[in-house]
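> return a 3D structure for these sequence lines:
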Amino acid sequence: MSLDIVILAAGQGTRMRSALPKVLHPVAGNSMLGHVIHSARQLKPNGIHVVIGHGAEQVRERLAADDLNFVLQDKQLGTGHAVAQALPAISADTVLVLYGDVPLIEVETLQRLLAKVSASQLGLLTVNLADPTGYGRIVRDAQGQVQAIVEHKDASDAQKAIKEGNTGILAMPAARLADWMGRLSNNNAQGEYYLTDVIAMAVADGLVVATEQPHDAMEVQGANDRRQLSELERHYQLREGRRLMAQGVTLRDPARFDVRGEVTVGRDVLIDINVVLEGKVVIEDDVQIGPNCVIKDSTLRKGVVIKANSHIEGAVMGEGSDAGPFARLRPGSVLEAKAHVGNFVELKNARLGEGAKAGHLSYLGDADIGARSNIGAGTITCNYDGANKFRTVMGEDVFIGSNNSLVAPVEIQAGATTAAGSTITQAVEAGQLGVARARQRNIQGWKRPEKIKKS
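The predicted structure follows:
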């Protein structure tokens, strides 16, 4: 069965009170529409057709990709009118309609829905709600067969009492779609062309409307305002937390944990409160992450320890290495096995060899630091001359005294030492002591300045 997917994303979202189109508002670091597109791609369709309208250029610019066909709906005349705009691009056997502001829909739910579709049957995703206010109601006959969907504003009191609501997500044989679209009417309270009218047409044409339901009602929850957006965010995070815990992660508090990307985890991982995982993060076995840490686009090998309030981005931490508290690893940073970065140490495009240490208060940028070397407190690599970047290279077993400025390009060879307070501008050869500081003078009779008294 070939598949085309139509995603409706043309609405303005006035209740968001935002210049940003509604479907671009984020959930877990990705736009709502981005989540829907991600789910659509997993179904491997022939085409994904995104119907855009309000803020069309913003949407197109933000999400443009080779596998997306953007279709413009100049005037927002209803969901049926929106689907009709995509008709010329549809060539598959089956059409699935999704919504750009319903980001939590599960691929497994959509697969179950698509399994209902045949030449004589379409699939409709419905949901049972304690309070279905605002939802179209599913009208069934005495045998329980779906007959029609009545929009809330057009429903009678008896129909409003129905608890089964329409999610809007619909899968149908494409061969019927053009005929149904041509027969839509806007004779209703909103003066719009409702896609839901297709249901009654299908029944009249002798098709069966087979329903499916999500395992979790939040899968089909949309966001029309900031409050609903926050509810989607927290539900997504709790769902991700449950997924990670099932794989062997201990979360100190799942309610204070955020995933904003793709996370792969091993076993016996411990994550404390207020940790944010962004982008693509790989966490191997026995990793411990302290509270208030941000980990972005990084790999944490087996046994890594990250202490509180650390920021790790674009880095690789080798087996048994540790960082923090208050450490910052910027893109291109690599810690080899058992390397140590302590409090208020910043690395950028730097490599610490196996067992190397930078304990505190240092900046190491564009540097290669050999195994077992020790960087004293207050050390910086002076890697930028205002126009170009240069590297600092240290061999194995180097000892850098406290408060050193290492002016790149410079090399400090294996086993060399630099004295505290030095500004190193020339190579220090293997085994040598580099000293680059002014000789101390003690001035006799010197008087400390006194504060001038105001008259």
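
> now the host helix or strand of Ala86: average pLDDT?
Per DSSP states H and E, Ala86 falls inside helix 79-86. Averaged over helix 79-86, pLDDT sits at 94.

> cool, stretch 193-211 as well?
93.

> got the end-to-end distance for it?
Stretch 193-211 has an end-to-end distance of 22 Å (Cα to Cα, to the nearest Å).

> report the buried residues of it.
Going by neighbour count (16 or more other Cβ atoms under 10 Å), the buried part of stretch 193-211 is 193-203, 207, 209-211. Placement of C-beta: from N, CA and C, glycine included.

> out of those residues, who's nearest Ala171?
Distance to Ala171 across the buried residues of stretch 193-211 (Cβ to Cβ) is lowest for Ala210, with 9.5 Å.

> show me what the helix or strand where the closest one lies is packed against.
According to DSSP H and E, Ala210 maps onto strand 208-212. Under the contact criterion of 3 or more Cβ pairs under 8 Å, 6 or more residues apart in numbering; DSSP states H and E, strand 208-212 touches helix 107-114, strand 121-128, helix 197-204.

> mind putting the ones you listed into TSV with distance to Phe326?
Listed next are the helices and strands packed on strand 208-212 as TSV, based on distance: least, Cβ to Cβ, whole Å:
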stretch	distance to Phe326
helix 107-114	40
strand 121-128	46
helix 197-204	58
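
> and Leu329, which of the ones you listed is closest to it?
That would be, of these and by Cβ to Cβ, helix 107-114, which comes in at 34.0 Å.

> so how far is the closest one off the chain centroid?
23 Å (Cα atoms, centre = their mean, to the nearest Å).

> residue numbering should commence at 4 henceforth.
All right, first residue 4 from here; so that's helix 110-117.

> C-alpha coordinates for that helix, PDB please?
The C-alpha trace of helix 110-117 is given here as PDB (Å, rounded to 0.1, in the frame of the first residue of the first chain):
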ATOM      1  CA  VAL A 110       3.800   6.300  15.000                       C
ATOM      2  CA  GLU A 111       2.400   3.000  16.300                       C
ATOM      3  CA  THR A 112      -1.100   4.600  16.600                       C
ATOM      4  CA  LEU A 113      -0.900   5.800  13.000                       C
ATOM      5  CA  GLN A 114       0.200   2.300  11.900                       C
ATOM      6  CA  ARG A 115      -2.900   0.800  13.500                       C
ATOM      7  CA  LEU A 116      -5.100   3.300  11.900                       C
ATOM      8  CA  LEU A 117      -3.600   2.700   8.400                       C
END
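
> for it, buried residues please.
In helix 110-117, counting by 16+ other Cβ under 10 Å, buried: 112-113, 115-117.

> next: stretch 402-415.
Buried, per 16+ other Cβ under 10 Å, within stretch 402-415: 402-407, 409-411, 413-415.

> now these as CSV including distance to Gln240 and secondary structure?
Converted to CSV, the buried residues of stretch 402-415 look like this (distance: Cβ to Cβ, whole Å; DSSP: H, G, I helix; E, B strand; the rest coil):
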residue, distance to Gln240, secondary structure
Phe402, 45, strand
Ile403, 42, strand
Gly404, 46, coil
Ser405, 43, coil
Asn406, 43, coil
Asn407, 44, coil
Leu409, 43, strand
Val410, 46, strand
Ala411, 43, coil
Val413, 46, strand
Glu414, 48, strand
Ile415, 46, strand
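
> so can I have TSV of those showing distance to Ala59 and pLDDT?
Output for the buried residues of stretch 402-415, formatted as TSV (distance: Cβ to Cβ, whole Å; pLDDT from 0 to 100):
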residue	distance to Ala59	pLDDT
Phe402	61	98
Ile403	56	98
Gly404	61	98
Ser405	58	98
Asn406	57	97
Asn407	56	98
Leu409	53	98
Val410	53	98
Ala411	49	97
Val413	54	98
Glu414	56	98
Ile415	57	98
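
> point out where the stretch 4-153 of the chain drops to low pLDDT.
Nowhere does the stretch 4-153 of the chain drop to pLDDT under 70.

> for it, which segments count as helices?
35-45, 59-66, 82-89, 110-117 (DSSP state H, counting those that start in this stretch).

> contacts only, for the residue nearest to Gln193 when sequence neighbours are not counted.
In this structure, Gln193 finds its nearest non-sequential neighbour in Lys156, 6.5 Å apart by Cβ to Cβ, 6 or more residues apart in numbering. Going by Cβ atoms under 8 Å, 6 or more residues apart in numbering, Lys156 touches 191-193.

> select only the buried ones of the residues you listed in ChimeraX?
A single ChimeraX command is used to select the members of the contacts of Lys156 judged buried by 16+ other Cβ under 10 Å:
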select :191
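
> for Thr267, give its distance to Pro334.
19 Å (Cβ to Cβ, to the nearest Å).

> state the number of residues packed around the closest residue to Asp7 other than its chain neighbours.
In space, not counting the residues next to it along the chain, Asp7 is nearest to Ala95; the distance is 4.1 Å by Cβ to Cβ, 6+ apart. Around Ala95 there are 15 other residues, counting by other Cβ atoms under 10 Å.

> quick one, what contacts Ala95?
Contacts of Ala95 (Cβ under 8 Å, 6+ apart): 5-7, 48-50, 177.

> and with 7 Å instead?
With contact taken as Cβ atoms under 7 Å, 6 or more residues apart in numbering, Ala95 is in contact with 5-7, 49, 177.

> and which of the residues you listed is nearest to Ile292?
Checking the contacts of Ala95 against Ile292 by Cβ to Cβ gives Leu6 as the nearest, at 40.1 Å.

> correct me if wrong: Val268 contacts Ile286.
Yes. With contacts counted by Cβ atoms under 7 Å, Val268 reaches Ile286, the gap being 4.8 Å.

> distance of Gly185 from Asn227?
30 Å.

> which of these two has more residues huddled nearby?
Using other Cβ under 10 Å, the more surrounded residue of Gly185 and Asn227 is Asn227, with 15 against 9.

> picking up where we left off before, let's verify the residue nearest to Gln193: helix, strand, or coil?
helix (DSSP: H, G, I helix; E, B strand; the rest coil).

> check it and give its pLDDT.
Looking at Lys156, its pLDDT is 87.

> roughly how far does it sit from Arg354?
For Lys156, the distance to Arg354 - Cβ to Cβ - is 64 Å.

> what's the most distant pair in the buried residues of stretch 196-214?
Among the buried residues of stretch 196-214, Tyr196 and Ala213 lie farthest apart (Cβ to Cβ), at 24.0 Å.
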